[in-house]
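**Q** predicted model and sequence below, questions to follow.
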Amino acid sequence: MDPLKIYRKLYKHFGPQGWWPIFDTKTGRCEYRGGKNLSNLNKFEICVGAILTQNTAWKNVERALGNLAAAGCLSPEKICRAKNLAMLIKPAGYYNQKAMKLKIFANFFTVGDTISNKLVGDSISYSQTVVLRGNLLLLWGIGPETADSMLLYAAKRPVFVVDAYTKRLCGLLGVKLAKYDDYRAFFESRLPRSAKLYNEFHALIVAWGKMYGDKKMRATAIRLISPPY
């Protein structure tokens, strides 16, 4: 399996995906901006989205983000103080648990050390990335995929995000590994170390995964990741 060749084939088929989507109060929808011109609040919103998207479809996250935006709660301070947070994010499912996760993360974000603040600050070193990832994983409700999504899309660090679609793609090509970090290391060791590349590749894998989920498109999806490249 050659990840870079698969990336090129997926990119040719799907084109740029422009991840991560940011909620636009003017249109009332999430807009794909390709990570350009992101404010610190935009980056915080990305982290919120990474938590909300756990075990649900993005369309449900979009509705929850719309509720948060309408209530003026898309900031760490407002989330920490919000009394009706669970009801605002109800469309995203598991709303009581996710409300607790958001409050824990927002508190970490506001009172954390300088490393935690690097999620929205300037680019950070490899050693700082490792420390920040470890700090995120200590938070209740933040697993590897969520932490890595925050690091890649908010902090723009070259950390490859592994999701269920990634594992499915690998399995179809005969790559079956034991742990999340094994998959992450597999891709990072075979690709140029680039946050931009990892960003686009993960988004393309999601686009591919949705195609594979459509029985009418499954044969095309399989051809896209199969040799010859």
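**A** Done, it's in.

**Q** low-confidence stretches in this structure?
**A** 112-118, 121-123 (pLDDT under 70).

**Q** quick one: the strands in it?
**A** Assigned by DSSP state E, the chain shows strands spanning 21-24, 29-32.

**Q** note down every partner strand of the first one and its orientation.
**A** In the sheet containing strand 21-24, the strands it pairs with under DSSP bridges are strand 29-32 (antiparallel).

**Q** neighbouring contacts of the strand it pairs with?
**A** The contact list for strand 29-32, computed with Cβ atoms under 8 Å, 6 or more residues apart in numbering, reads 17-19, 21-24, 58, 62, 65-66. Every C-beta, even on glycine, is put in place using the N, C-alpha and C of the backbone.

**Q** so which of those wins on neighbours?
**A** Highest neighbour count within the contacts of strand 29-32, by other Cβ atoms under 10 Å: Leu65, with 26 neighbours.

**Q** picking up where we left off before, Throw the contacts of strand 29-32 into CSV and include distance to Leu138, thanks.
**A** Formatted as CSV, those follow (distance: Cβ to Cβ, whole Å):
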residue, distance to Leu138
Gln17, 31
Gly18, 32
Trp19, 26
Pro21, 28
Ile22, 27
Phe23, 28
Asp24, 33
Trp58, 27
Glu62, 29
Leu65, 26
Gly66, 31
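
**Q** between those, which is nearest Met100?
**A** Checking those against Met100 with Cβ to Cβ, the nearest one is Leu65 at 17.9 Å.

**Q** please name the residues that touch that closest one.
**A** The neighbours of Leu65, taking Cβ under 8 Å, 6+ apart as the test, are 23, 30, 45, 48-49, 52, 74.

**Q** what's the burial count for Glu31?
**A** Neighbour tally, Glu31, other Cβ under 10 Å: 11.

**Q** and Phe160, by the same measure?
**A** Neighbourhood size, Phe160 [other Cβ under 10 Å]: 24.

**Q** tally up the residues packed near the nearest residue to Gly143 once chain neighbours are set aside, please.
**A** Counting by Cβ to Cβ, 6 or more residues apart in numbering, Leu137 is the residue found nearest to Gly143 once chain neighbours are left out, at 7.4 Å. Neighbour count for Leu137, taken as other Cβ under 10 Å: 13.

**Q** which residues does Leu137 contact?
**A** Counted by Cβ under 8 Å, 6+ apart, Leu137 has contacts 143-144, 147.

**Q** cool, and Val159?
**A** Per Cβ under 8 Å, 6+ apart, neighbours of Val159: 129, 133, 148, 151-152, 184, 188, 195, 198.

**Q** residue contacts, the residue nearest in space to the middle of the chain?
**A** Closest residue to the average C-alpha location of the chain: Ser149 at 3.4 Å, with Cα atoms, centre = their mean. Ser149 is in contact with 20, 46, 50, 161, counting by Cβ under 8 Å, 6+ apart.

**Q** from these, pick the one nearest Asp214.
**A** When those are compared for distance to Asp214 (Cβ to Cβ), Val161 wins out at 22.5 Å.

**Q** let me know which of the strands of the chain is the nearest to Lys9.
**A** strand 29-32 (21.3 Å).
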